[in-house]
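Asker: got a sequence here, can you model it:
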Amino acid sequence: MKNLVFAAVAVLAVGLRAGAEIRGETVEYKEGGTVLEGYRVAESEATGSRPGVLVVHQWMGLTDFEKGRAEALARLGYVVLCADVYGKGVRASNPKEAGTLAGAYKKDRTLYRKRLTAALERLRSDPAVDGTRLAAVGYCFGGTGVLELARSGADLRGVVSFHGGLDTPSPSLPGTIRASVLVLHGGDDPWVPPAQVAAFEEEMRRAGADWQVTAYGGAVHAFTDPGAGTDASKGAAYDPRADRRSWEAMRDFLLEIFGQ
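Answerer: Numbering: from 1, shown residues only. Predicted coordinates for the structure are as follows:
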């Protein structure tokens with residue numbers, strides 16, 4: 001799986017800052033008394049004030065998939081922090097464990113927001129980052145998470161949700177959302193049906209948010225993850241075309257919100 005993930009990222013990264021040296025390192029930070037273990041990635045010459053991007057993991061926890069995406073983002077010139085929602089050393093080893101871990105945070109959105117806010121503030125405090133130019137990008141469970149950050153009124157330029165759940169027990173209030181919102185959705189995702197998409201769009205309208213939803217025809221859940229296989233009948237599968245298109249949509253969105 002690791003080789004497939006990095007192969008996909010290598011394709012996505014064509015034309016980015018060729019020859020730049022990318023450095024990744026494990027970083028610890030805390031939310032309350034819980035130690036969290038994230039992963040910071042940036043170009044070796046990243047100094048001064050660059051835009052920062054928070055990457056939020058899918059339900060298995062922080063893996064090579066997110067690290068690969070972070071490296072591709074770093075090649076675009078961003079300082080990137082992969083968040084750790086679950087805690088240091090807490091990772092799922094199978095889908096059943098992942099469902100239990102992710103489910104706990106979906107039930108407790110207040111705790112979920114606290115964990116994400118802690119990661120965001122760790123990124124904001126990075127000496128190489130311009131704390132006024134931050135964005136958050138999330139995949140599946142993490143896509144749900146970045147939308148919760150936006151709903152919380154977090155000080156962000158924008159958030160991007162890749163095949164994330166769009167429902168919430170705490171809908172945003174008018175005027176609360178400060179971030180621009182981009183949702184990249186599998187048009188045939190059985191876990192995020194049309195009714196949920198419509199409810200989300202209505203929530204964004206009522207909130208007065210700057211929002212976009214893009215649906216990729218034929219794509220199902222987890223369309224950016226090569227580890228999901230290619231059998232769309234299972235409801236989750238990799239779709240290289242949707243992966244490429246959604247990456248390009250995110251890249252253009254970041255350029256817009258950061259004024260580059």
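Asker: other residues contacting stretch 155-162?
Answerer: With CB atoms under 8 Å, 6 or more residues apart in numbering as the test, stretch 155-162 has contacts from 51, 120, 133-140, 143-144, 146-147, 149-150, 178-185, 223-224, 246, 250, 253-254, 257-258. C-beta here means a position set from N, CA and C on the backbone, and glycine is covered the same way.
Asker: so which of the residues you listed belong to strands?
Answerer: In this view, the contacts of stretch 155-162 that belong to strands under DSSP state E are 51, 133-139, 180-185.
Asker: who wins on neighbours among those?
Answerer: Compared across the ones in strands among the contacts of stretch 155-162, Ala136 has the highest neighbour count, 31 neighbours, by other CB atoms under 10 Å.
Asker: for the nearest residue to Ala179 once chain neighbours are set aside, phi and psi?
Answerer: Once flanking residues are discounted, Ala179 sits nearest to Leu156: 4.0 Å by CB to CB, 6 or more residues apart in numbering. When read as degrees, to the nearest 10, the backbone of Leu156 gives phi -130, psi 150.
Asker: all helices for this protein, in order.
Answerer: For the chain, the helices defined by DSSP state H cover 2-12, 64-74, 95-107, 109-124, 141-151, 194-207, 240-257.
Asker: check which helices and strands the longest one sits against.
Answerer: I take that to be helix 240-257. Helix 240-257 sits against helix 2-12, strand 129-139, strand 158-162, strand 180-186, strand 211-216, with contacts defined as 3 or more CB pairs under 8 Å, 6 or more residues apart in numbering; DSSP states H and E.
Asker: give me the buried positions along it.
Answerer: Using 16 or more other CB atoms under 10 Å as the test for burial, helix 240-257 gives Ala242, Asp243, Arg245, Ser246, Trp247, Ala249, Met250, Arg251, Phe253, Leu254, Ile257.
Asker: what does that helix contact?
Answerer: 8, 11-12, 51, 53, 72, 76, 78, 135, 137, 157-158, 160, 162, 180, 182, 184, 186, 212, 214, 216, 218-219, 223-224, 260.
Asker: list only those of those flagged as buried.
Answerer: The buried subset of the contacts of helix 240-257 - by 16+ other CB under 10 Å - is 8, 12, 51, 53, 72, 76, 78, 135, 137, 157-158, 160, 162, 180, 182, 184, 186, 216, 219, 223-224.
Asker: just to revisit the earlier point, least confident of the helices and strands packed on helix 240-257, on average?
Answerer: Of all these, mean pLDDT reaches its minimum on helix 2-12 (a mean of 38).
Asker: circling back: tell me the one among the ones in strands among the contacts of stretch 155-162 nearest to Ala98.
Answerer: Relative to Ala98, the closest of those is Tyr139; by CB to CB it sits at 12.8 Å.
Asker: so what's the closest one bridging to?
Answerer: Beta-bridge partners for Tyr139, by DSSP bridges, are Phe162.
Asker: and the furthest pair within the ones in strands among the contacts of stretch 155-162?
Answerer: Going by CB to CB, the pair spanning the ones in strands among the contacts of stretch 155-162 furthest: Arg133 and His185, at 25.7 Å.
Asker: so where's the chain uncertain?
Answerer: 1-20, 46, 260 (pLDDT under 70).
Asker: before I go, just wanted to say thanks for your time.
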